[in-house]
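Trainee: output the structure for:
(chains A and B)
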Amino acid sequence: AQSVTQLDSQVPVFEEAPVELRCNYSSSVSVYLFWYVQYPNQGLQLLLKYLSGSTLVKGINGFEAEFNKSQTSFHLRKPSVHISDTAEYFCAVRPRLSTGGFKTIFGAGTRLFVKA
Amino acid sequence: EAGVTQFPSHSVIEKGQTVTLRCDPISGHDNLYWYRRVMGKEIKFLLHFVKESKQDESGMPNNRFLAERTGGTYSTLKVQPAELEDSGVYFCASSQASTGLVFASGNTIYFGEGSWLTVV
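Mentor: I've put the predicted structure just below:
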C-alpha cells in the first residue's frame, strides 16, 4: 500500500519569493512520483514526474522537485513565484509495476497563495 | 489531439435525483480511471477500466454509484440516488496500455477538467 503526506495544507508567500512545498510518501513497492497542479476552476495538470535517473526533476512553469530516496521525500520548489502560481498542488505516487496496482495515490493537497 | 473530456462541467441536482457523468478518454487509451474529490479532501480513486472491463472498483463508495464503459470507449458514472455527501468534483483520467509488467515511461495519466457536482 502507498500513502502520501503533504506537510503543509496552505502556504502563503509573497511574489518573487522562493517556495517549497513538502511531500513525503510511504510505499511497500517501488513507485513513480508526480506533482499535479489545479488552478482555480480548472482540472488537474501534470507539473512534473520522477521516473528514474537524476533525482532533480524540472517541470513546467519553472518548478522543480528533488527525489530523496532515503528520506522518502519529493519536495517541490520554485526560486521565484508569480501571482499566477496561486493554485492547489498535489503530490502523487503510482507503482512502477502493474503487480503493485494501477492506482495513483494523491496527497491532500497544498494551497499556494501568492501575495503581491 | 484532444485531451480527456468530461461532461457536464458543472451540475446542480437535488438530493434523491440521478446524475450521469460522462468521460471521453484520449483516443487509443485503454486505461480509464475515475477519481473524486469531496469537500476539499483528498483525491480518491474510484475505479479503473481496461477497455470495457472493470480492473479495479475497490474505491466505489457504495451501490448508488454505477460506472460503465460499453465498447471500451467513453465511460459514464451514474449516481442514483444522489446524496448531499456526493458533492464534489469527479475527475476522469486515461492512459495508454501498459506493456507487460512495467509501466512504460511512467505511463502518464492524463486528467480531464473534472465534473463539479453539487447536491442540494
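Trainee: am I right that B:Thr5 is in contact with B:Ser27?
Mentor: No. Between B:Thr5 and B:Ser27 there is no contact under CB atoms under 8 Å: 10.9 Å. Using the backbone N, CA and C atoms, a C-beta is placed for each residue, glycine as well.
Trainee: so which of these two has more stuff around it?
Mentor: Per other CB atoms under 10 Å in any protein chain shown, whichever of B:Thr5 and B:Ser27 has more neighbours is B:Thr5, with 15 against 9.
Trainee: next one: the more buried one from A:Gln6, what distance?
Mentor: For B:Thr5, the distance to A:Gln6 (CB to CB, to the nearest Å) stands at 28 Å.
Trainee: what does A:Ile60 give?
Mentor: 19 Å.
Trainee: which one's more surrounded, these two?
Mentor: More crowded of A:Ile60 and A:Gln6, by other CB under 10 Å: A:Gln6, with 21 against 10.
Trainee: quick one: residues contacting the nearest residue to that one once chain neighbours are set aside.
Mentor: Nearest non-adjacent residue to A:Gln6, counting by CB to CB, 6 or more residues apart in numbering or on different chains: A:Gly107, 3.8 Å away. For A:Gly107, the contact set (CB atoms under 8 Å, 6 or more residues apart in numbering or on different chains) comprises A:4-6, A:23, A:90-92, B:42.
Trainee: same check on A:Gln38?
Mentor: Counted by CB under 8 Å, 6+ apart, A:Gln38 has contacts A:44-45, A:87-90, A:109.
Trainee: at 7 Å instead, please
Mentor: Applying CB atoms under 7 Å, 6 or more residues apart in numbering or on different chains, we find A:Gln38 in contact with A:44, A:87-88, A:90.
Trainee: mind checking the backbone torsions on A:His82?
Mentor: Per-residue torsions, A:His82: phi -120, psi 160 (degrees, to the nearest 10).
Trainee: just confirm it contacts A:Glu15, I think it does.
Mentor: Yes. Between A:His82 and A:Glu15 there is a contact at 6.3 Å, judged by CB atoms under 7 Å.
Trainee: anything in contact with each of those two?
Mentor: Common neighbours of A:His82 and A:Glu15 (CB under 7 Å, 6+ apart) are A:Val114.
Trainee: and the pLDDT for A:Leu97?
Mentor: Residue-level confidence at A:Leu97 comes out at 72, pLDDT.
Trainee: likewise for B:Glu42?
Mentor: Looking at B:Glu42, the pLDDT reads 86.
Trainee: quick check, it in contact with A:Ile105.
Mentor: No. Assessed by CB under 7 Å, B:Glu42 is found out of contact with A:Ile105, at 8.8 Å.
Trainee: more neighbours, the two?
Mentor: Neighbour tally, B:Glu42 and A:Ile105, criterion other CB under 10 Å: the higher count belongs to A:Ile105, 22 against 17.
Trainee: stretch B:26-35 - what's its average pLDDT?
Mentor: If you average the pLDDT values across stretch B:26-35, you get 92.
Trainee: put the alpha carbons of it into PDB.
Mentor: In PDB, the C-alpha atoms belonging to stretch B:26-35 read as follows (Å, rounded to 0.1, in the frame of the first residue of the first chain):
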ATOM      1  CA  ILE B  26      -7.800  10.200 -25.200                       C
ATOM      2  CA  SER B  27      -8.300   8.200 -28.300                       C
ATOM      3  CA  GLY B  28      -6.400   4.900 -28.100                       C
ATOM      4  CA  HIS B  29      -6.100   4.900 -24.300                       C
ATOM      5  CA  ASP B  30      -7.200   1.500 -23.000                       C
ATOM      6  CA  ASN B  31      -7.000   2.600 -19.300                       C
ATOM      7  CA  LEU B  32      -9.700   4.800 -17.900                       C
ATOM      8  CA  TYR B  33      -9.900   5.900 -14.300                       C
ATOM      9  CA  TRP B  34     -12.500   7.800 -12.200                       C
ATOM     10  CA  TYR B  35     -11.400   9.800  -9.200                       C
END
